[in-house]
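Colleague: Here's my sequence, what's the structure:
(2 chains)
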Amino acid sequence: MRIIFEKRNTISKKAILLVPVFSFIVSLFLIGILLLIFKTNPFLTYASMYVGAFGTWMNFTETLVKAIPLMLTGIGVGLAFRLRFWNIGAEGQLVFGGVIATWVALFWSPFIPAWMVLPLAIIAGMIAGALWAGIPAVLKVSLNVDETLVSLMLNYVAIMIAQGLYYGPWRDPDGFGFPGTKLFPQIAWLPRFSGRAHYGLLFAVLIALIMWVILNRTKWGFELKMIGRNPRAASVMGVRIGSNIIIALLVSGAISGMAGVFEVTAISHRLQQGLSMGYGYTAIIVAWMAQLNPIASLFVAILMAGLLVGGDQVQMMMGLPAAMGLVLQGMILFPMLAGSLFTDFKLKVISNKEEAGV
Amino acid sequence: MKKGLLVLLALLVLIPALTFAGGDKEAEAAGDDEFKVAFVYLSLPGDLGWTYEHEAGRQMIEAELGDKVSTTYIENVPEGPDAARIIRQYAQQGYDMIFATSFGYMDPMVEIAAEFPDVYFEHCSGYKMSENMATYFGRMYQARYLSGLVAGNATKTNTIGYVAAFPIPEVLRGINAFTIGVKKVNPEAIVKVVWTNTWYDPVKEREAAVALLDSGVDIIAQHQDTTEPQKAAEERGLLSIGYDSDMGSFVGDSILVSPVWQWGNYYIETVKAAMNGTWSSHSYWGGLKEGVVKLSDFSPLVSEDVKDLVAAEEKKIVEGTWDVFWGEVKDQDGNIVVAAGDKMDDGTMLGMGFLVEGVIGKAGN
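Modeller: Purely as a prediction, here's the structure:
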């Protein structure tokens, strides 16, 4: 007798709903055992994590602060993944977008009308992100260079460029030599609507809707889908693969670049250490958990952000070590990701008799 | 499409959104008379370095003030905007006083301090202050100078390596003071600097030390949070100068001496002042004299002559008859920064942006 995974012919509606729920219960159960070993009440821990992330409006705004860059980068990498283009460079695209937005905010704002500063910073940051994602796309299409490596390496390049600037020529002359640029002029601050939660949220929702329409209701979206499913067939049908990959990656990078613009214009109001917080990597998890659906990415991003924010509570309220917060985050995600196997496959038990008969 | 998953996700997010429709209930937790103090740490108390010493200071508060205070801490908080959330949560949870123990917490703390005028904020190593936010730090350069005297005497290759975190004034000041000490006893010697761009990363700290050792240095000094550079030197049978804590007691006699932090007395004083209502915003910068920095015990490998020299130099600094950055001080290019007979003032020291003669490395990117 043996047990095999059999691919489901039709993806069952029930499985789509039940598998994540079941995975989540498995996570809670496993974590519960771990917490009991540490002599901590699991229910209190879950409650404090939940309250920390969603329990009060103030806490929820902090969750949104982390969710907004995750939404944007999640949508960005999700688009690339649809084409089976492994863009793991969202972090670099975010950072470079932030760098160029800083350039606009600091050096252009004296020369252009006040109302133009923010839109220009956003556009410039998006172009920067597009450029950063365009490099691996062009290399892939023209020379067949592996995009994973190029996009990953460009992350470090962007981070080093940012460091070079805020330690070097852009360093605040009144900052006692400490790293970081001058504070942006107020006209370059993206307004916040509550606490630190800012209007970047509107952009993220808008982009999710636009992307959904493009992917599901336009010819271009259909072409992208074909390239992702079967590039050879698409090319036979006359779909131009190379140029589509490049255009899609420019869009993908632009969206991630926008996340960087918001981080500097709405949160830190300057370019400094701490712009690269790993959002671009977490975005990969967001994109997969959302099944590359831009609208689902919004909600998954909020959940992920809640998990990150709630993880602090494990330390602050429960007195567990910092590493425990990370362990809990991992243990919640792991069954969820592993569980997705069961939406596409089902377990089948094959008895010896059956096997002999076949 | 995978609508089921979407619905589930939407519910998971919307249910919480409805739960706070009833209005915010902040955990003010009034009613207890304890003075509640929170510490925000960059790394783990187990780093045996920077955070270890702050944790020792926190424990001294508990030991001294007993049940009148309750203290807590959070570890592994990244520098930058994320720290604002942590600091705000402590303030919301009714903590009376919050200590943030890394430079990168400065801007977030300024922001939160403005939101909570009734909470006392203390930030270590920065320069921004407000009504209810003080800064505190120590003249570590004084102890580093003394450790430079020891290193300058001990080097045989006349090249000393220095694993350094970020090219910011605090670190540059330390490298310079150390080098001035080295060159006082050994004018031939040079100090090679490698930047790690991190305070706490055991792997990078070790790699930087190994790179320096490969290039021919025979003593490793450092400005990092852990003992890894020291371990790298010990494994090669070479010597090192510790930092933060008495690293010799953790690693071994290959660490000749360590300039160390002693936060306890300052912490107790400032917490007491806040409890008595006599606290006012301040910028504290104590040195060897106040005891906030000192030199650890020496390794048995350090000779009596060197110990006597260090004691004599320490006496001059404590008595105020001489200090490290009194002229003549020259920068790397040989330009005179402080003329003979002049003294560098605190403002210039706090914004130091150059490296002194004898340092091999760049003061920025």
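
Colleague: going forward, measure contacts between C-alpha atoms and count neighbours the same way
Modeller: OK.

Colleague: which stretches of chain B form helices?
Modeller: In chain B, the helices defined using DSSP state H lie at B:3-19, B:50-65, B:82-92, B:106-115, B:140-154, B:169-185, B:202-214, B:228-235, B:248-251, B:264-276, B:304-319, B:346-350.

Colleague: deepest of those helices, which one?
Modeller: helix B:140-154 (a mean of 27; mean count of other Cα atoms under 10 Å in any protein chain shown).

Colleague: tell me the mean pLDDT over it?
Modeller: Averaging pLDDT along helix B:140-154 yields 97.

Colleague: Can you give the contact residues for it?
Modeller: Here helix B:140-154 makes contact (Cα atoms under 8 Å, 6 or more residues apart in numbering or on different chains) with B:158, B:160, B:173-175, B:177-186, B:189, B:219, B:240-241, B:256-261, B:287-288, B:293-295, B:302, B:306, B:310, B:313-314, B:317, B:323-324.

Colleague: returning to what we had before: of the helices of chain B, which is nearest A:Q315?
Modeller: Counting by Cα to Cα, A:Q315 lies closest to helix B:82-92 out of these; the figure is 10.6 Å.

Colleague: helices or strands up against the closest one?
Modeller: Under the contact criterion of 3 or more Cα pairs under 8 Å, 6 or more residues apart in numbering or on different chains; DSSP states H and E, the helices and strands touching helix B:82-92 comprise strand B:97-100, helix B:106-115.

Colleague: mind running it again at 6 Å?
Modeller: The helices and strands touching helix B:82-92, judged by 3 or more Cα pairs under 6 Å, 6 or more residues apart in numbering or on different chains; DSSP states H and E, number zero.

Colleague: now it, how far from the centre of its chain.
Modeller: 21 Å (Cα atoms, centre = their mean, to the nearest Å).

Colleague: How about stretch A:51-60?
Modeller: That offset, for stretch A:51-60, works out to 21 Å (Cα atoms, centre = their mean).

Colleague: Can that stretch be said to contact chain B?
Modeller: Yes - residues of stretch A:51-60 contacting chain B under Cα under 6 Å from any Cα of the partner chain: A:54, A:56.

Colleague: Just the endpoints, please. Distance across that stretch?
Modeller: 9 Å (Cα to Cα, to the nearest Å).

Colleague: for the nearest residue to A:G177 once chain neighbours are set aside, what are its contacts?
Modeller: Nearest residue to A:G177 in three dimensions, chain neighbours excluded: B:G351, at 5.4 Å (Cα to Cα, 6 or more residues apart in numbering or on different chains). Applying Cα atoms under 6 Å, 6 or more residues apart in numbering or on different chains to B:G351 gives the contacts A:176-177, B:169.

Colleague: Distance to B:A83 for those - can I get that in TSV?
Modeller: Output for the contacts of B:G351, formatted as TSV (distance: Cα to Cα, whole Å):
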residue	distance to B:A83
A:F176	22
A:G177	22
B:P169	22
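
Colleague: Show me which of these is closest to B:L48.
Modeller: Using Cα to Cα, these come closest to B:L48 at B:P169, 23.6 Å.

Colleague: what's the neighbour count on the nearest residue to the closest one once chain neighbours are set aside?
Modeller: Closest residue in space to B:P169, ignoring its immediate chain neighbours: B:M352 at 4.7 Å, by Cα to Cα, 6+ apart. Under the neighbour criterion other Cα atoms under 10 Å in any protein chain shown, B:M352 is assigned a count of 21.

Colleague: Distance check, A:G125 against A:H198.
Modeller: 17 Å.

Colleague: Enumerate every residue touching the closest residue to chain B within chain A.
Modeller: For chain A, the residue closest to chain B is A:F176, as judged by Cα to the nearest Cα, at 4.2 Å. Applying Cα under 6 Å, 6+ apart to A:F176 gives the contacts B:G351.

Colleague: A:G125 and A:H198: which has the busier surroundings?
Modeller: Each of A:G125 and A:H198 has its neighbours counted (other Cα under 10 Å); A:G125 has more, 34 against 21.

Colleague: Residues in contact with stretch A:336-348: which ones?
Modeller: Contacts for stretch A:336-348 (Cα under 6 Å, 6+ apart): A:3-8, A:15-16, A:20, A:23.

Colleague: pLDDT below threshold where in chain B?
Modeller: Low-confidence segments of chain B (pLDDT under 70): B:1-32, B:364-365.

Colleague: Give me the most central residue, it.
Modeller: The centroid of chain B falls nearest to B:W50 when counting by Cα atoms, centre = their mean (5.7 Å).

Colleague: Quick check: that one touching B:S245?
Modeller: No - here B:W50 does not reach B:S245: they are 7.1 Å apart, not a contact under Cα atoms under 6 Å.
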